[in-house]
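1. Sharing a sequence plus its predicted fold:
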Amino acid sequence: MAQIGTQINLNESFLKREDYHKNLIRKINAVRDATKLGGGENAIKRHHDKGKLTARERINKLIDDGTKFLELNTFAAHDMYKEYGGAPSSGTIFGIGKISGKNFVIVANDATVKAGAWFPITAKKNLRAQEISIENRLPIIYLVDSAGVFLPLQEDIFPDKEHFGRIFRNNAVMSSLGIPQIAAIMGPCVAGGAYLPIMSDEALIVDGEGSVFLAGSHLVKAAIGEEVANEDLGGAKVQSNISGVTDYIMKNDDECILKIRSLVSKFGENNKAGFNRIESSPPKFDPKEIYGVIPEDGAKPYDTYELIARIVDNSDVDEYKAGFGKSIITAYARIDGWAVGIVANQRSVVKTEKGEMQIGGVIYSDSADKATRFIMNCNQKKIPLLFLQDVTGFMVGSKAEHGGIIKDGAKMVNAVANSVVPKITIITGNSFGAGNYAMCGKAYDPRFIFAYPNSKIAVMGGSQASSVLLDIRLKQVEKSGKEFTKEQKDKLLKDIIDSYEETSNPLHAAARLWVDEIIDPALTREYISYSIECANNNPEFPRFNPGVIQT
């Protein structure tokens, strides 16, 4: 193996980059901390006054002591639904945690946020939790405490394929796949939402707090004229001792959590995928130096080998086609002992063997061809793929078109789309245009997709987009016989750039679940290792068939 990377020169440029990225992380963590308060301190107090634990408190007690909960989609619904007072983390918490040493997907309604009601993005988040459970064959635990669909937005959550009902469809599919599902009813569970716990393998219910019914007392009275209290309609004793709908009555949240831990501790072992792993070795260079490797300006070049050297074990790689297609780096390596195949955009300007200069972050025909072959090789050898995205798109212009850039780009997209080994994507900088697709963006089913705080996701870069949008706007104004002054043009351009920057930042993407989480670059190894550990739980692989690839 070849060792990569060099000792960092702690000069002014490095320190400026480091400060920039640390400040971004501080800002992201401040938003994260505020998000974790859910409905706020007053709502949490009211929750505690009822003798109930909050969603995050329940999760912390459920997982093994001394272990971390890998929370995902923390920023779901960030800055959305403002007209309704917002919905921090979409009123639902989910992630992966260890119980009795095994990994579980855990989903918990946050009843401090609109009584745990479901917004449209809440449904999407719950579907993502089930998708991760299905793809990685991880058992799932639901901690239910929800008032049901947020009625003012019911048309955006009720009938479509990726809406509320898909949750229960997935319950059935997951059961058929042999994925264990445990549900704890720790608060209200109303209407269609009642199917989720009851379609699970086993359901627990907390006496005095948990209730489950298709229609609450108010709706029952309106529908059939019957007057009945919610507890008599669908409380713990009724549903466990009379209807037999639920399986265990628990006195309180703490007893319920202990019972879940006891039940899942008896689960048997499943076969693993068998991804190669040896003893872990740290990189030769400090992962925290990533802060100083990546520029504060996404348009500036940097050497991606320096980034990789601070992620992979021993800073060693077996590089595939090192002298060919240099705008993409393809290499076999290990991360925390796991064998991985890395596909990374090279952000420095490189010189080809023909003496031509290739722009950093741009995918050229030779790079796309190389990446396609490498992805196929990793599928052949059952090696998980890691995509490090910092891409501005495919090369354009007459020379690129005459050289078949569309055909070569299509080959790469084909290989990514049909790849059967787990794909993990980290957006380390730019993610623009079709480059997002070729480098395994969300639409290409990565098992997990993360983003650095400096990342940007958009159809094109801000400067190019603002120029195009300004030109369109000016032509519209000219058609009406008006003309902008220079000051008006400058203001319009600034407004366009500000708006574009806002919608391409990682919080905007995380709010809409385009990425699973915004991560600290210094923790990249941990996220990759845990992702492969989870993926290793699914031993089933379809045969890799890329279909028709034009040569």
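-> Nice, I can see it.
2. Tell me which stretches of the stretch 201-350 of the chain form helices.
-> Along the stretch 201-350 of the chain, counting by DSSP state H, counting those that start in this stretch, helices occupy 217-224, 230-234, 236-237, 253-264, 290-293, 304-309.
3. so where's this protein uncertain?
-> Within the chain, the stretches with pLDDT under 70 are 192, 461-466, 468-470, 474, 477, 550-551.
4. what's the longest helix in it?
-> helix 12-35 (DSSP state H).
5. That helix packs against which elements?
-> Under the contact criterion of 3 or more CB pairs under 8 Å, 6 or more residues apart in numbering; DSSP states H and E, helix 12-35 touches helix 290-293, helix 506-511. The C-beta positions use only the backbone N, C-alpha and C, and glycine is treated the same way.
6. now the helices of the stretch 201-350 of the chain as JSON lines including distance to residue 459 and mean neighbour count?
-> Shown next, in JSON lines, are the helices of the stretch 201-350 of the chain (distance: least, CB to CB, whole Å; neighbours: other CB atoms under 10 Å):
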{"stretch": "helix 217-224", "distance to residue 459": "45", "mean neighbour count": "12"}
{"stretch": "helix 230-234", "distance to residue 459": "49", "mean neighbour count": "17"}
{"stretch": "helix 236-237", "distance to residue 459": "52", "mean neighbour count": "18"}
{"stretch": "helix 253-264", "distance to residue 459": "44", "mean neighbour count": "18"}
{"stretch": "helix 290-293", "distance to residue 459": "27", "mean neighbour count": "24"}
{"stretch": "helix 304-309", "distance to residue 459": "23", "mean neighbour count": "24"}
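7. Out of the helices and strands packed on helix 12-35, the one nearest residue 70 is which?
-> Distance to residue 70, taken as CB to CB, is lowest for helix 506-511 among those, at 14.9 Å.
8. what does that closest one contact?
-> 28, 31, 73-80, 121, 427, 451-457, 502, 515, 517-518 (CB atoms under 8 Å, 6 or more residues apart in numbering).
9. one more time with 6 Å, if that's ok
-> 75, 77-78, 80, 451, 455, 457, 515, 518 (CB atoms under 6 Å, 6 or more residues apart in numbering).
10. who wins for most neighbours among those residues?
-> Counting neighbours by other CB atoms under 10 Å, the top entry in the contacts of helix 506-511 is residue 515, with 29 neighbours.
11. Tell me which residues touch it, please.
-> Residues near residue 515 by CB under 6 Å, 6+ apart: 449, 451, 509.
12. Among those, find me the one that's closest to residue 40.
-> Using CB to CB, residue 509 comes nearest to residue 40 of these, at 25.3 Å.
13. Look up how far residue 427 lies from that closest one.
-> Here residue 509 is placed at a distance of 8 Å from residue 427 (CB to CB, to the nearest Å).
14. Over to residue 543?
-> As judged by CB to CB, residue 543 and residue 427 stand 30 Å apart.
15. neighbour count winner among the two?
-> residue 427 (29 against 6).
16. The more buried one sits in which helix or strand?
-> strand 423-432 (DSSP states H and E).
17. got the CA coordinates for that strand in CSV?
-> Taking Å, rounded to 0.1, in the frame of the first residue of the first chain, the C-alpha atoms of strand 423-432 are listed here in CSV:
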residue,chain,number,x,y,z
LYS,A,423,-22.8,3.0,-0.5
ILE,A,424,-22.0,5.7,2.1
THR,A,425,-21.8,9.2,0.9
ILE,A,426,-20.2,12.2,2.6
ILE,A,427,-20.6,15.7,1.0
THR,A,428,-17.4,17.4,1.9
GLY,A,429,-17.9,20.5,-0.1
ASN,A,430,-19.9,21.2,-3.3
SER,A,431,-22.5,18.9,-4.6
PHE,A,432,-23.7,20.5,-7.9
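18. Skipping adjacent residues, who's closest to residue 171 in space?
-> Take residue 171 and drop its neighbours on the chain: the residue closest to it by CB to CB, 6 or more residues apart in numbering is residue 199, 3.7 Å away.
19. Please report how far residue 204 lies from residue 286.
-> In this view, residue 204 and residue 286 are 46 Å apart by CB to CB.
20. Over to residue 298?
-> Shown here: residue 298 relative to residue 286, a distance of 23 Å by CB to CB.
21. What of residue 215?
-> As judged by CB to CB, residue 215 and residue 286 stand 59 Å apart.
22. Those two: which is more packed in?
-> Per other CB under 10 Å, whichever of residue 215 and residue 286 has more neighbours is residue 215, with 16 against 13.
23. how far away is that one from residue 237?
-> Counting by CB to CB - residue 215 and residue 237 are separated by 19 Å.
24. helix, strand or coil for the residue sitting furthest away from the middle of the chain?
-> Distance from the C-alpha centroid of the chain peaks at residue 481, with 47.8 Å (CA atoms, centre = their mean). Using DSSP: H, G, I helix; E, B strand; the rest coil, the secondary structure recorded for residue 481 is coil.
25. who touches it in this structure?
-> By CB under 6 Å, 6+ apart, the contact list for residue 481 is empty.
26. Show me what counts as buried in whatever helix or strand residue 174 lives in.
-> Residue 174 belongs to helix 165-176 when assigned by DSSP H and E. Across helix 165-176, burial judged by 16 or more other CB atoms under 10 Å covers 165-168, 170-171, 174.
27. doesn't residue 145 make contact with residue 187?
-> Yes: under the criterion of CB atoms under 6 Å, residue 187 makes contact with residue 145 at 3.1 Å.
28. Compare the two (neighbour count), which wins?
-> The neighbour count for residue 187 versus residue 145, taken as other CB under 10 Å, is higher for residue 145 (27 against 24).
29. got the angle between the host helix or strand of the more buried one and helix 253-264?
-> Per DSSP H and E: residue 145 is located in strand 140-146. Comparing the axes of strand 140-146 and helix 253-264 via axes from the mean of the first three to the mean of the last three CA atoms, to 10 degrees yields an angle of 160 degrees.
30. List of residues touching strand 140-146?
-> Contacts for strand 140-146 (CB under 6 Å, 6+ apart): 58, 104-109, 111, 116, 133, 181-187, 189, 193, 197.
31. Among the residues you listed, which are located in strands?
-> Under the assignment DSSP state E, the contacts of strand 140-146 contribute 104-109, 181-187, 189 to strands.
32. Need those in JSON lines (columns: distance to residue 420).
-> What follows is the ones in strands among the contacts of strand 140-146, written out as JSON lines (distance: CB to CB, whole Å):
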{"residue": "104", "distance to residue 420": "24"}
{"residue": "105", "distance to residue 420": "21"}
{"residue": "106", "distance to residue 420": "27"}
{"residue": "107", "distance to residue 420": "27"}
{"residue": "108", "distance to residue 420": "32"}
{"residue": "109", "distance to residue 420": "34"}
{"residue": "181", "distance to residue 420": "25"}
{"residue": "182", "distance to residue 420": "29"}
{"residue": "183", "distance to residue 420": "31"}
{"residue": "184", "distance to residue 420": "35"}
{"residue": "185", "distance to residue 420": "37"}
{"residue": "186", "distance to residue 420": "38"}
{"residue": "187", "distance to residue 420": "40"}
{"residue": "189", "distance to residue 420": "37"}
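33. Residue 28 contacts residue 452, doesn't it?
-> No: counting by CB under 6 Å, residue 452 is not a contact partner of residue 28; they are 9.7 Å apart.
34. Looking at the two, which is more packed in?
-> A count of neighbours by other CB under 10 Å puts residue 452 above the other of residue 28 and residue 452, at 24 against 20.
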